[in-house]
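S.K.: Mind folding the following:
(2 chains)
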Amino acid sequence: MTTATNTKSAVPDESAAPSRARSAPFTLDWWMPIAILFPALLLRVINIGSVRNVIDDARLHVLTSYAYSRTGFLGPDTWWSPPLKHLLSAANIAVFGNSEITWRMKGAFFGALSVYLAFLVARRAFRHWLPAVATAALLMLDPFSIAMSHTTHEDLPTVCFILLGVIFFLRWVDFRSDWQCLASGLFFGAAIGLRWYAIIPAGVIALCATWMQRKRLIRAAETLLIFVSAMLSVYLAAYLPWIARGYSLAEWISLQYDALRIQGAGFELSAHLMSLAGADRWFVSWVGGNETLVDNPGRMSSLVNDPWIWILFVPSAILLCYVAVKKDRAEWFAIGATTLATYAFLISSPRPIIIYSAMAVVPLGCVCLGFAIAYLFKRRGWVVLAAAVAWSLLLYPAVSGVYAPAVLLNWLMGLVRS
Amino acid sequence: MLQVNIRRIFEEHTVALVAVSLLILVLATAVVLGATGRRATSTPTQLTVNTTPWDQAYRELLASGARGRTVVLFDLHGDISERDYGLRSKSASDVGLPSEPVDATNIASALIRAGVARRVFVMLPADDWRQLRDGFGQQWGVFPVGPRLMRRMNGAPVVFGDAGAPLDLRGEKALVIIKNSARASFPSDVIDRWTNPEAADVVVSAGIK
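M.R.: This next block holds a predicted model:
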């Protein structure tokens, strides 16, 4: 049952043998988590208490977390969103206290964690330092990831659970242990319990796992059973406080159906939120980021994407899928396809999707881009990476509200407005 | 022989059995929690509360010990739009309770919030129902349920319909609230059907006398 097939070829580097022989991922030294988590957290904690002009539903989330964790009442937040976020917020408050800073610290913590988890995904998938380091650097400095880390939205925890699900899927590919599959299912269940869109990556991963066992269908069915049972267990468990209000399982299914109908019906949003909607343009043009604080013109704080980097995510994911097919690497294909499928879902969703859902694509997009940098530029990839890092550092003042030369901010503003 | 096979199944499919057991455990917990979440009134016989103002009727229902129940409201459709008490709460400690006096326009949401009602049926006189139906049915988040219309209030279904149309609660007794001033709008047999002890264990007559 736990046959180790721990041999993987190392690369994105084309010079490596294209055989099925696989090497172990490079060693994870003790200092690596610190070297990644510490700067990632620092970048997200700076100015955490004074960020303006972000979509911040903290008050709504905190009140609902109290109501839901104590009485199972699904309000005042929307009832059609999965409720695990309320339990997560309640746990965060119970552990770290009840203040605006601790509400936001949850986002900063999960934002930093997502950087390290994306690094682990790239490390285990590509077994080479360059794509792993590139992934971590790109995501660590991504302005949107930093801006989102300053708020209490559920997207960053969702992303962390998706990345954990992918890591355990990759471990399952290496070791073919059902326990890895169970863990992957549990994490994807938690992700779906926070955001429904996580069902897209979960579905792609399940399809790839089935494909990899296509010659042993009964085994494939068992793997699928483990994965789905684990997912469903966590998802249903998140609703137990609501069910404890006297609802039957039939009424719970009815709630899911109504939530699906209402999500599919679309709804009107405020003009400010609508300006941040439209997934088709997030990756090709600036969104938001055009507000300068009136009370302190030297400071600017905004919700901002980074189209100059983001525009490369989709081509990188396509490249990864192409190389995966060429080299018969289903696990690489899973990463590329997950990125593409999630983005396609956001574009095609009938309800308006606000830019914070882009967080579902960005970490795996960074993994794909890290692969592309290493694959296309090989050992000179670090030069490209350095340029990308320098550009991202320029944007940092724009999303964190730190003091920066007015010349720089004015230039950025002009760029965004153009 | 059988023993050997069972052991083999356990050895070869341990994780699958763990995963399915986990799911069964969560399902069983859900069934038990759902069943225990419905509590009857502390007074098992029919309780009629003739009261005004509304706030008092609400408190009588809270005190009755009923939880997770079906509430049938006669002609109380003032709060067909969703209301968020939580946003008006002054502190986290009063999130579970309404922060404004309960009246005819908000008693449904107050009962849902307090956990007394898990679903609500709003019974309307036939003429009122016909007037309401078309416009209300076009609203976002309102769905048809048989001959009635339903919208969810913080996740709890609130169903609107003609009081004369048959409604089967599958043996479950209801908490019935009747606005006194509206009694005359309904056929007496409808009121009688819903206020007899077979159908309801708490009947509250409230409002303007």
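
S.K.: Now the closest residue to chain B within chain A: closest residue in space, sequence neighbours ignored.
M.R.: Closest approach between chain A and chain B, counting by Cβ to the nearest Cβ: A:G246, at 1.9 Å. Where you see a C-beta, it was placed from the backbone N, CA and C, and this is true even at glycine. Distance criterion Cβ to Cβ, 6 or more residues apart in numbering or on different chains; nearest residue to A:G246, sequence neighbours excluded, is B:G68 at 1.9 Å.

S.K.: rewinding a little: contacts only, for the residue of chain A closest to chain B.
M.R.: The contact partners of A:G246, by Cβ atoms under 8 Å, 6 or more residues apart in numbering or on different chains, come to B:G34, B:G37, B:R38, B:R39, B:R67, B:G68, B:R69, B:G115, B:R118.

S.K.: Just confirm the third one contacts B:V116, I think it does.
M.R.: In other words, B:R38. No. B:R38 is not in contact with B:V116 according to Cβ atoms under 8 Å; the separation is 10.8 Å.

S.K.: Who has more neighbours out of those two?
M.R.: B:V116 (23 against 17; other Cβ atoms under 10 Å in any protein chain shown).

S.K.: Would you mind measuring from the more buried one to chain A?
M.R.: Distance of B:V116 to chain A, computed by Cβ to the nearest Cβ, to the nearest Å: 10 Å.

S.K.: these two touch, right, that residue and B:T70?
M.R.: No. In this structure, B:V116 is not within contact of B:T70 by Cβ under 8 Å, at 10.4 Å.

S.K.: Need the overlap of contacts for the two.
M.R.: Joint contacts of B:V116 and B:T70 (Cβ under 8 Å, 6+ apart) are B:L175.

S.K.: re earlier: are there residues contacting both of B:R38 and B:V116? Which ones?
M.R.: Contacts common to B:R38 and B:V116, judged by Cβ under 8 Å, 6+ apart, are B:R67, B:G68, B:R69.

S.K.: Tell me the pLDDT of the second one.
M.R.: The predicted local distance difference test score for B:G68 is 95.

S.K.: what do you get for A:W211?
M.R.: A:W211 is given a pLDDT of 94.

S.K.: Excluding chain neighbours, what is closest to it?
M.R.: A:A330 (5.8 Å).

S.K.: Could I get the contacting residues of that neighbour?
M.R.: Taking Cβ under 8 Å, 6+ apart, one finds A:V173, A:C208, A:W211, A:M212, A:A324 in contact with A:A330.

S.K.: Quick check: closest non-adjacent residue to the second one.
M.R.: Same thing as A:C208. Per Cβ to Cβ, 6+ apart, closest to A:C208 is A:A334, 3.9 Å.

S.K.: Which of the contacts of A:G246 sits closest to chain A?
M.R.: B:G68 (1.9 Å).

S.K.: Could you pull up the residues touching the closest one?
M.R.: B:G68 touches A:R245, A:G246, A:Y247, B:G37, B:R38, B:R39, B:G115, B:V116, B:R118, counting by Cβ under 8 Å, 6+ apart.

S.K.: What about those, which are in helices?
M.R.: Among the contacts of B:G68, DSSP state H puts none in helices.

S.K.: Flag the least confident of those residues.
M.R.: Out of the contacts of B:G68, that is B:R39, at 89.

S.K.: Excluding sequence neighbours, find me the nearest residue to that residue.
M.R.: B:R67 (4.2 Å).

S.K.: right, and the one you found touches B:S42 too?
M.R.: No. At 10.8 Å, B:R67 and B:S42 do not qualify as touching, with contact defined as Cβ under 8 Å.

S.K.: following the helix or strand containing A:Q180, which helix or strand comes up?
M.R.: For A:Q180, the host element (DSSP states H and E) is helix A:178-194. Counting by DSSP H and E, the element after helix A:178-194 in chain order, helix or strand, is helix A:199-212.

S.K.: now that next one, how far from the centre of its chain.
M.R.: Centre-to-centre, helix A:199-212 and its host chain are 17 Å apart (Cα atoms, centre = their mean, to the nearest Å).

S.K.: Counting neighbours, go ahead and name the busier of B:R67 and B:S42.
M.R.: B:R67 (20 against 10).

S.K.: ok, for A:Y68, nearest residue in space, not its chain neighbours?
M.R.: Looking at A:Y68 with Cβ to Cβ, 6+ apart, the closest residue is A:H86, at 3.8 Å.

S.K.: ok, the one you found to A:S348 distance?
M.R.: A:H86 is 28 Å from A:S348, where distance means Cβ to Cβ, to the nearest Å.

S.K.: now swap in B:V31 and tell me
M.R.: 37 Å.

S.K.: now do A:I226
M.R.: 30 Å.

S.K.: ranges for the helices of the stretch 151-300 of chain A?
M.R.: A:155-175, A:178-194, A:199-212, A:217-238, A:240-243, A:249-265, A:271-274, A:279-282 (DSSP state H, counting those that start in this stretch).

S.K.: nope, chain B is what I meant
M.R.: Using DSSP H, helices in chain B cover B:2-12, B:14-36, B:54-63, B:85-88, B:107-114, B:126-137, B:188-195.

S.K.: By mean pLDDT, show me the worst of those helices.
M.R.: helix B:85-88 (a mean of 37).

S.K.: I figured B:G115 was touching B:R67, is that so?
M.R.: Yes. Counting by Cβ under 8 Å, B:G115 touches B:R67, with 5.3 Å between them.

S.K.: In the one helix or strand A:I347 maps to, which of the residues would be classed as buried?
M.R.: Per DSSP H and E: A:I347 is located in helix A:330-348. Neighbour counts using 16 or more other Cβ atoms under 10 Å in any protein chain shown place A:330-343, A:345-346 of helix A:330-348 among the buried residues.

S.K.: just these: which has the poorest pLDDT?
M.R.: A:L346 (89).
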